[in-house]
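Asker: The following block contains a protein sequence and its predicted model.
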Amino acid sequence: QVQLVESGGGLVQAGDSLRLSCAASGRTSMMYTMGWFRQAPAKEREFVAGITWREGKTYYADSAQGRFSISRDNAKNTVYLQMNTLKPEDTGVYYCVCYEGPRPLSNAANVGFWGQGTQVTVSS
């Protein structure tokens, strides 16, 4: 099992920046790719960004490309999501996720472990 604990969410205004953190513990050897999903009210969870744990290769949803940046600190078993130029449509609960092997990142069914989520609210 891998335990994931997110932090860094909050209430910000449109145009502001926010950095989310996700600390992993447990069987961290199982972490192949780490990433972030989000879920807006009354919508399905959607993939935001991912990063392979060993190589650091990054992947982004179209909505995040150019504004968000995912990174990791292997020594701290922590993954980050830097979010810039936030928009009201970025509002939602952001979940840290872990994939146990190489698989399509955008499919939530492929996620092995989920964090409890952290709320991000962007006001206009």
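Answerer: Nice, I can see it. Numbering: from 1, shown residues only.
Asker: Could you pull up the residues touching the spatially most central residue of the chain?
Answerer: By C-alpha atoms, centre = their mean, the chain has its centre lying nearest to W36, at 2.0 Å. By C-beta atoms under 8 Å, 6 or more residues apart in numbering, W36 lies in contact with 20, 22, 47-50, 70, 79, 81, 94-97. In short, each C-beta sits where N, CA and C put it, glycine included.
Asker: one more time with 6 Å
Answerer: 48-49, 81, 94 (C-beta atoms under 6 Å, 6 or more residues apart in numbering).
Asker: just G26 next, same as before
Answerer: Per C-beta under 6 Å, 6+ apart, neighbours of G26: 1-3.
Asker: Which pLDDT does the model give V97?
Answerer: Among the per-residue scores, V97 shows a pLDDT of 98.
Asker: cool, C22 as well?
Answerer: pLDDT at C22 comes out at 98.
Asker: Just grab the bridge partners of it for me.
Answerer: When bridges are called by DSSP bridges, C22 pairs up with E6, V79.
Asker: I'd guessed it sits against E6; true?
Answerer: Yes. Look at C22 against E6 with C-beta atoms under 6 Å: they come within range, at 5.0 Å.
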